[in-house]
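1. only geometry, no sequence info:
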DNA sequence: CCGCTTACCTACTCTGGAGTAAGGCTACGT
DNA sequence: ACGTAGCCTTACTCCAGAGTAGGTAAGCGG
């Protein structure tokens, strides 16, 4: 109240760390950007808000990460890479196809559960823009699709000849990936379910099919999983 | 070149019909809006461009359809209604569940084929906005989901007791709807396939499941379909 | 011919927000 | 001490694009 003091009254204020190295700031900015983009979408988000959330001023963002478009692309890239890594890490090639699928699904839904914001940015925001973002995203999706397709096709060739599944592998994989994406979205609005429940629903749908499910033939993970 | 003439040099220019009744103009505006929104997304589209494409001046749009937000909502509403009607019209309750599903899928993909722009607006654009649009869209999606769920659950109860499928009907329906949406997107990039091919791929996935498909057990429509 | 309504336009205003200019502070090397 | 390099800020410029003010003209009933 009374004394204006020196401007350095709080020399070690904990809330606002000062003069951090570039590397750290870049991470903070990306984190903030993911949060803001996930809430308002690409166009709805303002660089001012990102800088606010990141606790840094706007010109720093431009200095470190470039334009708004660049920033968004960087978010997409980082989060997509993380997601794909999570899935790949969950799969072990020596398992049978259904188990691989099962592990992949759990890896995917597990990531979504832990990083809802990342998922929102990836799935909802980047599809809507027509720019270079979709490229980035599509590339990742392609990788996910061919990952799935590879599992299926290999399963097919392990057992014999040209099967119905492997002939149209890519399209089926696209449908599966899409089903996963939408189920993940649905899950955001029904968070009471656990990862295992969600993953096993999809697993049953794509492995058994409604035809089997209607007669109570369900898929269950083998003992050691 | 030489004569500025009166501004009415072309009194009956065919390209620019004049003084049309409100009803007609509203349709033209909505058509133009769907086109423009489907190309650039909600934010990317400008009212100036919509007015250009519609062949009418901006104030008319505001007079007839209200704000940009209102206009977009009107597009969503009209296209979503059309889509749902196409699906419902394709389904006949007296058929067995798998045939109903089959018809529904064909209705859906048929609509997408005929109205690619509408589909783009519905699926890609409206999800990204957080506003009242998502409401409109979600409402439609809910209806689609419960439509599917109803088919499945009824199939379940026709045959007996509480089945695996009907217990988690809504989630499975969400997954199916999502698979359809993504497959439709995928189709936009692979237009060489026919409606029947696309629809039967998804039908096989969700009805038979990979487990069956890997052993060449496929679903085929019964003779009269 | 006159006035009233409805269709329609040109030409603005005004704001949100992307991107920047210009300079300050701190730390460290010499 | 003094430069210089990197971190960081305030306080702008500037433009696209939503929305509007105010006016013109065509049809129509009297």
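-> Arrived safely. What you see is a predicted model, and the numbers here were worked out from it, not measured in a lab.

2. what is the burial count for residue A:210?
-> For residue A:210, the neighbour count with other CB atoms under 10 Å in any protein chain shown is 28. From N, CA and C alone the C-beta is placed, and that goes for glycine too.

3. do you know how far it is from residue B:100?
-> Distance from residue A:210 to residue B:100, counting by CB to CB, to the nearest Å: 11 Å.

4. which pLDDT value goes with residue A:13?
-> According to the prediction, residue A:13 has pLDDT 40.

5. just residue A:145 next, same as before
-> Confidence score, pLDDT, at residue A:145: 80.

6. repeat for residue A:108
-> Here the pLDDT value assigned to residue A:108 is 94.

7. which one's the longest helix in chain A?
-> helix A:132-159 (DSSP state H).

8. flag every buried residue along that one.
-> A:133-134, A:136-137, A:140-141, A:144-145, A:147-149, A:151-153, A:155-156 (16 or more other CB atoms under 10 Å in any protein chain shown).

9. quick one: check it for contact with DNA strand C.
-> No: if you take CB under 7 Å from any atom of the strand as the test, helix A:132-159 misses DNA strand C, and the best it gets is 13.2 Å.

10. next one: stretch A:195-212 to chain centre, how far?
-> Centroid separation for stretch A:195-212 versus its chain: 21 Å, with CA atoms, centre = their mean, to the nearest Å.

11. same question, stretch A:32-39
-> The answer for stretch A:32-39 is 14 Å, by CA atoms, centre = their mean.

12. and that stretch, what's buried?
-> A:32, A:33, A:34, A:35, A:36, A:37, A:38, A:39.

13. next one: stretch A:190-208
-> For stretch A:190-208, by 16+ other CB under 10 Å, it's A:195, A:198, A:199, A:200, A:201, A:202, A:203, A:204, A:205, A:206, A:207, A:208.

14. chain B next: which of the residues you listed are close?
-> By CB under 8 Å from any CB of the partner chain, the members of the buried residues of stretch A:190-208 lying near chain B are A:198, A:201, A:202, A:204, A:205, A:206, A:207, A:208.

15. element containing residue A:56, please.
-> Per DSSP states H and E: residue A:56 is located in neither a helix nor a strand.

16. how many neighbouring residues does the closest residue to it other than its chain neighbours have?
-> Distance criterion CB to CB, 6 or more residues apart in numbering or on different chains; nearest residue to residue A:56, sequence neighbours excluded, is residue A:25 at 6.3 Å. Residue A:25: 19 surrounding residues under other CB under 10 Å.

17. measure residue A:25 to chain B for me?
-> For residue A:25, the distance to chain B equals 28 Å [CB to the nearest CB, to the nearest Å].

18. spit out the contact partners of that residue.
-> By CB atoms under 8 Å, 6 or more residues apart in numbering or on different chains, the contact set of residue A:25 is A:54, A:56, A:60, A:64.

19. my guess is the first one contacts residue A:29, does it?
-> Yes: checked against CB atoms under 8 Å, the pair residue A:54 and residue A:29 is within contact range at 4.7 Å.

20. check contacts around the residue of chain A found nearest DNA strand D.
-> DNA strand D sits closest to residue A:57 of chain A, with a gap of 3.1 Å, by CB to the nearest atom of the strand. Residue A:57 makes contact with residue A:51 under the criterion CB under 8 Å, 6+ apart.

21. rerun that using 10 Å as the cut-off
-> Shown in contact with residue A:57 (CB atoms under 10 Å, 6 or more residues apart in numbering or on different chains): A:48, A:51, A:63.

22. surely the first one is in contact with residue A:58?
-> Yes: with contact defined as CB atoms under 10 Å, residue A:48 counts as touching residue A:58 (6.3 Å).

23. where does chain A dip in pLDDT?
-> Low-confidence segments of chain A, defined by pLDDT under 70: A:1-17, A:129-132, A:155-168, A:224-225.

24. just the helices from it, written as ranges.
-> Applying DSSP H to chain A gives helices spanning A:22-44, A:47-54, A:58-65, A:68-90, A:97-114, A:116-120, A:126-128, A:132-159, A:164-167, A:169-189, A:195-207, A:209-213.

25. quick one: which of those is nearest residue B:70?
-> Closest to residue B:70 of the helices of chain A, according to CB to CB: helix A:22-44, at 17.9 Å.

26. wait, does the closest one contact DNA strand D?
-> Yes: contact of helix A:22-44 with DNA strand D (CB under 7 Å from any atom of the strand) involves A:22, A:25.

27. from the chain's centroid, how far away is that helix?
-> With CA atoms, centre = their mean, you get 15 Å for helix A:22-44.

28. ok, for residue A:103, nearest residue in space, not its chain neighbours?
-> Counting by CB to CB, 6+ apart, the residue nearest residue A:103 is residue A:90, at 4.6 Å.

29. for the residue nearest to residue A:56, give its distance to residue A:47.
-> 15 Å.

30. go on, residue A:109?
-> 33 Å.

31. okay, those two: which has more neighbours?
-> Higher neighbour count among residue A:109 and residue A:47: residue A:109, with 25 against 15, using other CB under 10 Å.

32. contacting residues for that one?
-> A:119, A:180, A:183-184, A:187, A:193-202.

33. try residue A:169
-> A:145, A:146, A:148, A:149, A:150, A:151, A:152, A:153, A:156, A:163.

34. redo those residues as CSV? Include distance to residue A:221.
-> What follows is these, written out as CSV (distance: CB to CB, whole Å):
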residue, distance to residue A:221
A:145, 24
A:146, 24
A:148, 18
A:149, 22
A:150, 21
A:151, 16
A:152, 18
A:153, 22
A:156, 21
A:163, 23
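
35. and of those residues, the nearest to residue B:123?
-> For these, the nearest to residue B:123 is residue A:145 (17.8 Å; CB to CB).

36. how close does the closest one sit to DNA strand C?
-> 32 Å (CB to the nearest atom of the strand, to the nearest Å).

37. what does residue A:32 give?
-> 13 Å.

38. what do you get for residue A:190?
-> 31 Å.

39. how about residue A:150?
-> Going from residue A:150 to DNA strand C by CB to the nearest atom of the strand gives 39 Å.

40. what about that residue, distance to residue A:93?
-> Taken as CB to CB, the span from residue A:150 to residue A:93 is 9 Å.
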